[in-house]
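Visitor: Sharing a model prediction with you, sequence too.
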Amino acid sequence: MIDIGKLIKTGNKEIDTEHIELIESVNKLYTILNTCDVNENLSAKLSNMILHTRKHFAHEEHLMKDLNYPNETKHKNEHEIILNNMRLAIMQCREENDAKLLKSTLKENIESWVLNHIKEMDIPLLQQYDKENN
């Protein structure tokens, strides 16, 4: 489980709320993975996590485009990497009917990526956004 208290606040209320929703979605998956094998409930939660992630990334990418953000390509590439990793983990989990594999992937990849991405990518983006809009 990802400790929401470890999330670094960006200072942007909307983005911070989206980050919390994403972490809550991941944490719900952890709970399901601790209590059952791959089933319909897990499939719905996986779909929900992907949906939240895409929505959040689209919001950030809209901000980058509006700002003509110099690190837009790098930031968007980071989004694609995590989405691809999530898709691959989900596909492997379904094909192999192995919830432990998905749990391991979430723990090893998603958790550290989210925390680092906020610190290294989102905060600089939102600092520039604040600078240009205040």
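Guide: Happy to help now that I have it.
Visitor: Please state the offset of stretch 114-132 from the chain centre?
Guide: Put simply, stretch 114-132 sits 14 Å off its chain's centre (Cα atoms, centre = their mean, to the nearest Å).
Visitor: Average pLDDT for stretch 114-124, rounded please.
Guide: Averaging pLDDT along stretch 114-124 gives 89.
Visitor: do stretch 93-110 as well
Guide: Stretch 93-110 comes out at a mean pLDDT of 73.
Visitor: List the buried residues of that stretch.
Guide: Neighbour counts over stretch 93-110 (16 or more other Cβ atoms under 10 Å) mark 93, 99, 101, 102, 103, 105, 106, 109, 110 as buried. (C-beta placed from N, C-alpha, C; glycine too.)
Visitor: Now those residues in JSON lines, please, with extra columns for secondary structure and distance to residue 25.
Guide: Shown next, in JSON lines, are the buried residues of stretch 93-110 (DSSP: H, G, I helix; E, B strand; the rest coil; distance: Cβ to Cβ, whole Å):
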{"residue": "93", "secondary structure": "helix", "distance to residue 25": "16"}
{"residue": "99", "secondary structure": "helix", "distance to residue 25": "16"}
{"residue": "101", "secondary structure": "helix", "distance to residue 25": "19"}
{"residue": "102", "secondary structure": "helix", "distance to residue 25": "14"}
{"residue": "103", "secondary structure": "helix", "distance to residue 25": "14"}
{"residue": "105", "secondary structure": "helix", "distance to residue 25": "15"}
{"residue": "106", "secondary structure": "helix", "distance to residue 25": "11"}
{"residue": "109", "secondary structure": "helix", "distance to residue 25": "15"}
{"residue": "110", "secondary structure": "helix", "distance to residue 25": "10"}
